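J.: Pasting the sequence and the predicted model now:
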Amino acid sequence: MVERASRWIMQGAFLVSGFLYVHTIERKPEQRKKTCFLVGVFILFFAVMNYFYRYDNFWTEMAARTAGFLLLGSIVYTGRKLSLFAAYYYTIWAFCSWQLMYEWFLVCLHMGADYWPGRPLQLLFTETMIFGLGYLIVAITIGRIIPDKGKKSIGPRQLLLALATFFNFQIVAFLPGDMEYSFLDLRWMVVYIVQLLLCIVLYLQNELFKKSELRKELEIMGLLWQKEKEHYQLSRENMSFLSQKVHDLKHHIQAMRNASREEIERYLAELEGSVKVYESIIQTGSGVLDTILTEKSLYCKDHGITISCMADGSQMDFMNTVDLYAVLGNALDNAIEEVEKFQEKELRQIDVLIYRKQQFLAIHITNPMEQKDGKLEYEEGLPVTTKGNRLVHGFGLRSIRHILKKYDGFLTIREEDGCFSLLMLIPVPVQAVTTTSDGSKTT
């Protein structure tokens, strides 16, 4: 009776272990019934195993463990929002944690062999405490670190390496042969240390893949930065060409005004108005800002988008030209992409404010956003891309934040009254010299 109760505690702990590494990951409410069904199958399976089979055969034990591993991975997958690969990767960690706790209980059982007979409640209490305290320690330490709140993607290569390590972990458990003799000559201690080392190997694999992902992300952001640099050079050349053309065009307009035809007069008036629009955009005090706003304004004008800007470009000289171009270019591209979804003219507008606020340069960009059932989903303080593959998309805001960190700046995102608000605050260096409206220099 005591043995059966102990076995149920052990198997119940095995079921609970499946959630040690996914408790920080969002649930799947729509899959609740399916998850409960799989939990029922899990309990029924081990109930049958406990009734009909004895775990004194290697192949029976391995079959039970394999079936339990597959069932537990299925429960984790249906219960939490993660991929199938990730579900079984976290199940490997859960299984290893459970087995280390279980083997430690066997050690305590052997060491107190003269104490447990006649004290079944103390035996069951000890077993429960070992699993309970062990799981608590795992849940608040490595159980939070490994899943990274479900943001980390697990690929087939990482899962296969983890499975190989896990297979060795399981085989090692059966190496001592007779458990009783393994306690006498301390072989169990060697096995336990080897299993702990395999867990360390599993952890190092995880860290290596995590660093590999970070390296890829930095490489992508580096490529984006290089593209922004090339884009800026091209845009600056286009601006110079446009300025020259505008200058020449004004003289042509003045010469053509001598014509008396009404149609020509009307055409020239419209053309002159367009020239004034282009000419007014580039007077911000910053060549980089002039380039960006002119480029984006021309695009917005062609696509029926109104972009309003109040900017003091003289405050931006301390930033690297390409960094500034990348920050503003990415921010405006995101805003343009969002307002292009609207058909209503009054919603196709973007507001840009750039000003000095005490010792900070403030860049504030606001645009209407689509009204959805709920608020945007955020990850590390940034909205999750809605374009599908996160490995390809969603680098715009991450690139902005990465560049701002170079200047000790920070990014704030808000959703207010149907508008998306992006605020960047960048400390202005004390030695930065700016030009005031009266032409004097200030620091």
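T.: Perfect, thanks for sending it. Numbers count the residues shown, from 1 in each chain.

J.: all helices of the stretch 51-200 of the chain, in order?
T.: Along the stretch 51-200 of the chain, the segments classed as helices by DSSP state H, counting those that start in this stretch run 58-79, 84-111, 120-140, 142-145, 156-173, 179-184, 187-256.

J.: For the third one, give the mean pLDDT please.
T.: Summarised as a single mean, pLDDT over helix 120-140 is 87.

J.: Residue numbering should commence at 377 henceforth.
T.: Sure thing, new numbering starts at 377, so read that last one as helix 496-516.

J.: before we move on, back to that, could I get the helices of the stretch 427-576 of the chain in JSON lines, plus columns for mean neighbour count?
T.: Yep, even glycine has a C-beta here, placed from its N, CA and C like the rest. Output for these, formatted as JSON lines (neighbours: other CB atoms under 10 Å):
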{"stretch": "helix 434-455", "mean neighbour count": "17"}
{"stretch": "helix 460-487", "mean neighbour count": "20"}
{"stretch": "helix 496-516", "mean neighbour count": "16"}
{"stretch": "helix 518-521", "mean neighbour count": "17"}
{"stretch": "helix 532-549", "mean neighbour count": "16"}
{"stretch": "helix 555-560", "mean neighbour count": "13"}
{"stretch": "helix 563-632", "mean neighbour count": "14"}
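
J.: Mean pLDDT lowest where, among those?
T.: Taking the mean pLDDT of the helices of the stretch 427-576 of the chain, helix 555-560 comes last: a mean of 55.

J.: out of the helices of the stretch 427-576 of the chain, which comes closest to residue 392?
T.: helix 496-516 (6.7 Å; CB to CB).

J.: and the angle for the closest one with helix 460-487?
T.: 140 degrees (axes from the mean of the first three to the mean of the last three CA atoms, to 10 degrees).

J.: and residue 700, how far is that from residue 799?
T.: 16 Å (CB to CB, to the nearest Å).

J.: Which one's more surrounded, those two?
T.: Neighbour totals were compared for residue 700 and residue 799, and residue 700 leads with 26 against 15 (other CB atoms under 10 Å).

J.: do you know how far that one is from residue 474?
T.: Taken as CB to CB, the span from residue 700 to residue 474 is 53 Å.

J.: Likewise for residue 663?
T.: Residue 663 is 63 Å from residue 474, by CB to CB.

J.: And residue 711, by the same measure?
T.: Residue 711 is 50 Å from residue 474, by CB to CB.

J.: Residues touching stretch 402-412, excluding its own?
T.: 451, 454, 455, 456, 457, 526 (CB atoms under 8 Å, 6 or more residues apart in numbering).

J.: Buried residues of that stretch, list them for me.
T.: 407, 411 (16 or more other CB atoms under 10 Å).

J.: and if you look at stretch 676-694?
T.: So stretch 676-694, judged by 16+ other CB under 10 Å, has buried residues 676, 681, 683, 685, 687, 688, 689, 690, 691, 692, 693, 694.

J.: Return the member of the residues you listed nearest to residue 669.
T.: Nearest to residue 669 among these, with distances taken as CB to CB, is residue 685, at 5.8 Å.

J.: what about the closest one, which SS state?
T.: strand (DSSP: H, G, I helix; E, B strand; the rest coil).

J.: Not counting its neighbours along the chain, what's nearest it?
T.: Nearest in space to residue 685, with sequence neighbours left out and distances taken as CB to CB, 6 or more residues apart in numbering, is residue 728 at 4.3 Å.

J.: so how far is residue 714 from the one you found?
T.: With CB to CB as the criterion, residue 728 and residue 714 are 14 Å apart.

J.: Pick out whichever of those two has more residues nearby.
T.: When residue 728 is set against residue 714 and neighbours are counted by other CB under 10 Å, the residue ahead is residue 728, at 23 against 18.

J.: doesn't the more buried one fall inside a strand?
T.: Yes: judged by three-state DSSP, residue 728 forms part of a strand.

J.: Helices along the stretch 627-776 of the chain, start to end?
T.: 638-657, 663-678, 697-715, 771-782.

J.: Tell me the spacing between residue 688 and residue 780.
T.: In terms of CB to CB, residue 688 sits 19 Å off from residue 780.

J.: Oops, could you answer that again for residue 422 instead?
T.: 53 Å.

J.: Next up, the contacts around residue 724.
T.: Residues counted as contacts of residue 724 (CB under 8 Å, 6+ apart) are 680, 681, 682, 715, 716, 718.

J.: how many neighbours does the closest residue to the third one other than its chain neighbours have?
T.: On the basis of CB to CB, 6+ apart, the spatially nearest residue to residue 682 that is not a chain neighbour turns out to be residue 725, at 4.3 Å. A count of neighbours around residue 725, defined by other CB under 10 Å, yields 17.

J.: contacting residues for residue 725?
T.: Contacts of residue 725 (CB under 8 Å, 6+ apart): 681, 682, 683, 684, 715, 743, 744.
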